[in-house]
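# kindly return the folded structure for what I paste below:
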Amino acid sequence: MASLSTPRARRCSYSGGRDGVICAWDLGLDLIKAGEDERDPFADHHAADYKPPPTQFRSQVQAHTHWINDLVLANNSAALVSASSDITVKVWRPAAHESVPPETIGLHTDYVKRVASPGQHENWVASGGLDRKISLWDLNGGGRRLEIHVGEDDNSSAKGSVYALAATPNIIASGGPESVVRVWDSRTGKRITKFVGHTDNVRDILVAQDGETILTASSDQTVKVWSMTAGRCMHTLTMHNDSVWSLFSEDPQLSVFYSSDRSGTVAKTDVRSCAEWDEGLSVAVCQEHEGVGRVVSAGDYIWTATSSSSINRWSNIDTSAEVELPESYRWHRNSVATTRSRYPSPPASSPPTTGATPKIPGKALLRMSNTAPYPQLCTKDPDASTLASTRKPSEALTTAEHGGIVPVRSAPDFCIEGQNGLMKHHLLNDRRRVLTMDTAGECMLWDLLQCAPIKSFGKRHMEDVLPEVNTQESVAHWCAVDTRIGTLTCVLEENYCFDAEMYADELQLEEQIDFREDHRINLGKWILRYLFSNLIDEEIKRDEVYRAKRLQEKQQEAQTGRPTNIEMPNVHINGWNASGPTSGSTLKGNGFHFPHTPGGMGIGLATPQIPPHSAGRGSHGNAYLTPTNEDSNQLEPTKSQRSSTQDGQDYFGAASTNGNGNGRPAEGAIETKEETVSSPTAEDTPSKKGKGMFGKKFNMGFSKKMFATGTAIATEAPKPVVDEKADDSDSRSTKTNGKSFEDNFFGSIQRIRHGYEEALGTGVTDLASAIAPSLPNDTPVLKPPAMTTILIQEDRPGSGGVADLFEGKVATLALQADLIEKAAPMWLGEVLLRNQLPPKDIVKVSFVLEPYQNSLPAISTDGNNRLNANRMLRARKILGYVAERIEPAPTKEEQEKEEAEGTALRPHEYLELYCNGQLIDPRMTLASMRAHVWRGGGDVLLHYKANGRKEIKQHPQHPGLPFAVQQGGLSSGLGSSNVSEGKPSSEAGRSQHSSQGDRNAAFGP
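Numbers count the residues shown, from 1 in each chain. Reported below is the predicted structural model:
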């Protein structure tokens, strides 16, 4: 729990923590001390069995996407201002008549550590953080009023981070790792003075209401009292023996204040009616099990927040009560009376004590300073030397007669139990499941596509569970997983969220769907489709209304402008044919067909297409290709390169010739690093589309993300089947035929509507919907939890963070459609509404295919056995290709006989594939072979052999003739090492292949 704030005039409290959530609590307590005549006559607050009412949860809001570092109440407690590590300062008005989410009033360029209010009647707050700046923000949305660069005049800006901040209407005080306290004029931003004296980080600051006295807490274990008038430190208080983390006071003159330290000690200090601060009384109220980051007091209670998710409430103590001391303490205290004129027990201005008031135990007293006259801890010999010069009270108390400090309160009277947040995670190799551990030590397995936990392993070490659940898979990076806010968070960006695929036959679906063999599903497309399913439904409804409205308007325009009688002049006009059709019949639909999505198109698009002519991958003019049909695996007559690349099947594909006009392979820019490669599910587009519609926002230095908390992940929407010629000219342009569109989600809607206007211009009388979301046979139905949080963020260049543009839940996205249309990027609209993905280059893995110990024929008679293929290609496809190369196709009679006898075997049933001596599962992909079996650089070396289940018949070879298998086959040609995963075999040290030069075979997508 990062921060607490309790308004004294209200019976509620607010808290914030690392999950970015602000919670409001109903305390059920009377925080304003009432007079004797106002007390409840039926409630005995001093009764031994009296129990204050429990704290009740009131409301919560997801205010930030990172840790909340500080909270403060302003505007008469009507506004709650929060500072977060997501670099924003936000204001939430929980008591407003209309429920409005927290609004961003300020933005820093690094973590915001503190926020301070100058008073309940001011309309601004100050914030400071690691960007070494203090900013004053208008609470009414007026933006930044003033900006102060900390340490700029001292040439020490490198250490000018703000860890402590306090404000009054006239001054602002700040502190940080420099150990310096600076005071600024809140009206001009000029520095008034600075105080030097601490020897470690300044952690907290309090400023008296009149601005005269400043209290500072430091990691040097001291609390210092500074005087603005004297311009120096007046007192150094040493009641703590560990780093002092927090200060709190409701007293305008800071005469009564609370302090807490890293060891968990909470102290209450009272210096009322004392001439010197070190004459005051400091009492150890309670002891937490860990460091107390925030302490707050109101009424008769104290609340403490630590690094855990729970908040403890403690009964306060009355420092005006009598102190219960042993005789030796009383004697020494009286002896000191001859040299001191005033003593802290009890303060004169405190309310009179009664006999019923409990006494303060002497064991709870803390030493105010080294020179403090009381309590003067002594040994049994009153004449012996005292421990007054001892630095640390804890050290003194260990030798004192009472044995050590004992806090007044041994246990809290109530605890607001927090949830166990996630603190550790591991993304499994399949990149669909995540193993996490929470603060209670429970190990849990999550499914990113379901956005929910699927199995608990109890309180086991994550390292022990990991080998049990991990698999030998290699899937491209498609989402960033994080648990820094205590929940599972997935970040999706256009650059990589469509890079990963999985095979449909690996799914465990409730409803069985008849997928095509080796059908692949894009993970990003899949999850996005159903995270935003309610939004898609809403946009479809709006689209229907829009089309009906435009058709009605078009009809009305035609009726309004149609004359009842037209008399044409009897003159000859050049170009006018009086016998021609009238205006009512010239512009008919005439077979006009607006693009739409065919019913079964989703299946065909689920696997990557062969790149078009212009996206060749390094082949150099080999026109002799022998493509193989994916379904029958039969050799077909030789085709031209162009025809082979248009088959659109997904087996080993042919390498393209230099038909793109520039000879540059489309994948030339792809890195060989496997983590960065991707296997697209959209059709490859020519490289000239690299600066197309989907990246314009990013090219400008802005990057919009899909950010889903609560274990939400993103799915990518299916490829669009709407073929707009305007997009072909420039897929990234926001202009079509001179028409410009907004560069956001609504811009995608504008493109659709522009298509409607063009259709209406041709005179059509009906408009088919151009919204074509993914179909279930392409992306099976997912049902993410309704309360999964969706965030849309935008990278701010040079700011070190992101800005939140939108926040919503899966269940409420339809109601927030207008906000999403403005905040979401255009690429999301294209994916969801038009089923169109950003263009991606296909990444391939290069490998060498050889017979095991020459037990079978080679795949090529010319020695060219270096190949490359889509990283997602399975081993059984490779074996299918091997079978086609080393044995003749069975005759029709042989096929009929095998089918009748039931002895027909597929290639992977009688052939085996080995890598590094390990038998490869027929369903393993090339990427998985490289990552988990080959585990090295260079080309992956694969061996094939027969398992004896079928006799291998050799078929005649054609020496010198290049070979190819189309879309699931192999193609000969010059491979391009810079578009494949791995290095040439010569670099791997396999000299037996180096003699082949650069004659390589290439697998298609």
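# so which residues of the stretch 901-1005 of the chain form helices?
For the stretch 901-1005 of the chain, the helices defined by DSSP state H, counting those that start in this stretch cover 907-910, 926-928, 991-994.
# same check on the stretch 451-600 of the chain?
Under DSSP H, counting those that start in this stretch, the stretch 451-600 of the chain gives helices at 462-469, 523-531, 533-560, 583-586.
# now the third one: buried residues?
It stands for helix 533-560. Buried residues in helix 533-560, counted by 16 or more other C-beta atoms under 10 Å: 533-536, 538-539, 543, 546-547, 550-551, 554. No exception for glycine: its C-beta is placed from N, CA and C like everyone else's.
# from these, which shows the smallest pLDDT?
Between the buried residues of helix 533-560, the one the model trusts least by pLDDT is residue 554, at 87.
# tell me how far that residue lies from residue 543.
To residue 543, residue 554 is 16 Å away according to C-beta to C-beta, to the nearest Å.
# before we move on, what about residue 894?
According to C-beta to C-beta, residue 894 and residue 543 sit 55 Å apart.
# buried sites along stretch 900-920?
Of all the residues in stretch 900-920, those buried under the rule 16+ other C-beta under 10 Å are 907-908, 910-913, 915, 920.
# what's next to that stretch, contact-wise?
633, 852, 875-876, 878-880, 882-883, 895, 898, 922, 929, 933-935, 940-950, 952 (C-beta atoms under 8 Å, 6 or more residues apart in numbering).
# report the buried members of the residues you listed.
Applying 16+ other C-beta under 10 Å to these flags 633, 875-876, 878-880, 882-883, 922, 929, 933-934, 940-946, 950, 952 as buried.
# need the helices of the stretch 451-600 of the chain in JSON lines (columns: distance to residue 93).
Below are these laid out as JSON lines (distance: least, C-beta to C-beta, whole Å):
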{"stretch": "helix 462-469", "distance to residue 93": "41"}
{"stretch": "helix 523-531", "distance to residue 93": "29"}
{"stretch": "helix 533-560", "distance to residue 93": "28"}
{"stretch": "helix 583-586", "distance to residue 93": "60"}
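# least reliable of the ones you listed by average pLDDT, please.
Among the helices of the stretch 451-600 of the chain, helix 583-586 carries the lowest mean pLDDT (a mean of 38).
# for residue 507, see how far away residue 877 is.
From residue 877 across to residue 507, the span is 19 Å (C-beta to C-beta).
# which of these two has more neighbours?
More crowded of residue 877 and residue 507, by other C-beta atoms under 10 Å: residue 877, with 27 against 15.
# that one and residue 518 touch, don't they?
Yes: contact criterion C-beta atoms under 8 Å: residue 877 and residue 518 qualify, at 7.3 Å.
# contact partners for residue 172?
Neighbour list for residue 172: 116, 126, 134, 148, 165-166, 183-186 [criterion: C-beta under 8 Å, 6+ apart].
# which among the residues you listed count as buried?
With neighbours counted by 16+ other C-beta under 10 Å, the contacts of residue 172 contain buried members at 116, 126, 134, 148, 165-166, 183-184, 186.
# for the stretch 1-150 of the chain, just list every one of the strands.
Assigned by DSSP state E, counting those that start in this stretch, the stretch 1-150 of the chain shows strands spanning 3-5, 12-16, 21-26, 56-62, 68-74, 79-84, 88-92, 103-107, 112-116, 124-129, 133-138, 143-149.
# just to revisit the earlier point, for the helices of the stretch 451-600 of the chain, which one sits closest to residue 130?
With C-beta to C-beta as the criterion, residue 130 lies closest to helix 462-469 of these, at 30.6 Å.
# tell me the buried residues in the closest one?
The neighbour-count criterion (16+ other C-beta under 10 Å) identifies 462, 465, 469 as the buried residues of helix 462-469.
# which elements pack onto that helix?
Where contact means 3 or more C-beta pairs under 8 Å, 6 or more residues apart in numbering; DSSP states H and E, helix 462-469 is packed against strand 422-427, strand 433-438, strand 443-447.
# could you dump those strands to TSV with mean pLDDT, mean neighbour count and distance to residue 363?
Compiled in TSV, these are given as follows (pLDDT from 0 to 100; neighbours: other C-beta atoms under 10 Å; distance: least, C-beta to C-beta, whole Å):
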stretch	mean pLDDT	mean neighbour count	distance to residue 363
strand 422-427	92	17	37
strand 433-438	94	21	38
strand 443-447	95	20	43
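# nearest to residue 479, of the ones you listed?
Across the helices and strands packed on helix 462-469, residue 479 has its closest neighbour in strand 422-427 (8.7 Å, C-beta to C-beta).
# return the list of strands paired to that closest one, each annotated with direction.
The strands beside strand 422-427 in its sheet (DSSP bridges) come out as strand 433-438 (antiparallel).
# what's in contact with the strand it pairs with?
Contacts to strand 433-438, defined as C-beta under 8 Å, 6+ apart, come from residues 420-428, 443-448, 454, 462, 465-466, 469, 481, 483, 488, 711.
# low-confidence bits of the stretch 101-250 of the chain, can you list those?
153-158 (pLDDT under 70).
# same check on the chain?
1-10, 31-50, 153-158, 326-357, 372-403, 510, 561-738, 797-801, 955-1005.
# and the two most separated of the buried ones among the contacts of residue 172?
Distances among the buried ones among the contacts of residue 172 were taken as C-beta to C-beta; the most separated pair is 148 and 166, at 13.8 Å.
# follow-up on the earlier one: in CSV: the strands of the stretch 1-150 of the chain, plus distance to residue 476.
Formatted as CSV, the strands of the stretch 1-150 of the chain follow (distance: least, C-beta to C-beta, whole Å):
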stretch, distance to residue 476
strand 3-5, 40
strand 12-16, 37
strand 21-26, 33
strand 56-62, 30
strand 68-74, 34
strand 79-84, 32
strand 88-92, 32
strand 103-107, 34
strand 112-116, 35
strand 124-129, 36
strand 133-138, 40
strand 143-149, 42
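# nearest to residue 865 among the ones you listed would be which one?
Nearest to residue 865 among the strands of the stretch 1-150 of the chain is strand 56-62 (56.9 Å), distances taken as C-beta to C-beta.
# not counting its own residues, what contacts that closest one?
In contact with strand 56-62 (C-beta under 8 Å, 6+ apart) are residues 12, 20-26, 28, 92, 94, 101-102, 709, 789, 807.
# quick one: that strand to strand 79-84, angle?
60 degrees (axes from the mean of the first three to the mean of the last three C-alpha atoms, to 10 degrees).
# pairing partners for strand 56-62, with directions?
Applying DSSP bridges, strand 56-62 is found paired with strand 21-26 (antiparallel).
# good, wrapping up.
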